[in-house]
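Student: the following comprises the amino acid sequence and a computationally predicted model.
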Amino acid sequence: MYKDILVPVDLDHPEASEKAVGTACQMAKDYGAVLHFLSVVPPVSPLIASYFSKNYRSSLSAAANERLHAFTAQYVRSDDIKRQHVIAHGSVYDEILQMRDQLNADLIILTSHRPELKDYLLGPNAARIVRHAPCSVMVVREE
């Protein structure tokens, strides 16, 4: 049923994604799907970026990639699950939707924090992804 599952991970709060990763791993086993773990590095304003070296973006990517590999090593407990690690730069929901298109993922599994009144039911990123994704989206709530 699912061949490619996109799993966005917030590396600043990795424990929040644990339940979603467990769900994704089970679905990957059930369907023989590939898990595409995505971490999005938020944009840096041009003014702030002017203080960094020219290769700061590649340094951020390398660090994020290392952290994402460490994350999957800790939370993906099965070696038979095929996985890919992807790092993107930009706004979270835009990059998730763009990566979904690039990978032709047929399912996105993401975590949404506990809602606050202002969020109404989903966090702003999760809500945008659910509204605009051309594929199925599973939102796994944090405990």
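Tutor: Arrived safely, thanks for sending.

Student: for the protein, longest helix please?
Tutor: Counting by DSSP state H, the longest helix found in the chain is helix 56-75.

Student: helices and strands around it, which ones?
Tutor: helix 18-31, strand 34-41, strand 83-89 (3 or more C-beta pairs under 8 Å, 6 or more residues apart in numbering; DSSP states H and E). C-beta here means a position set from N, CA and C on the backbone, and glycine is covered the same way.

Student: which of those has the highest mean neighbour count?
Tutor: strand 34-41 (a mean of 22; mean count of other C-beta atoms under 10 Å).

Student: one step back: what's the longest helix of the chain in contact with?
Tutor: Helix 56-75 is contacted by residues 9, 11, 14, 17-18, 21-22, 37, 39, 41, 44, 49, 53, 83, 85, 87, 89 when judged by C-beta atoms under 8 Å, 6 or more residues apart in numbering.

Student: quick one: low-confidence parts of this structure?
Tutor: 46, 48-50, 113-123, 143 (pLDDT under 70).

Student: using the three-state scheme, assign the residue in it sticking out farthest from the centre.
Tutor: Largest separation from the mean C-alpha position in the chain: Y51, at 28.3 Å (C-alpha atoms, centre = their mean). Assigned by DSSP: H, G, I helix; E, B strand; the rest coil, the conformation of Y51 is coil.

Student: tilt between the longest helix of the chain and helix 18-31?
Tutor: Using axes from the mean of the first three to the mean of the last three C-alpha atoms, to 10 degrees, the direction of helix 56-75 lies 70 degrees away from that of helix 18-31.
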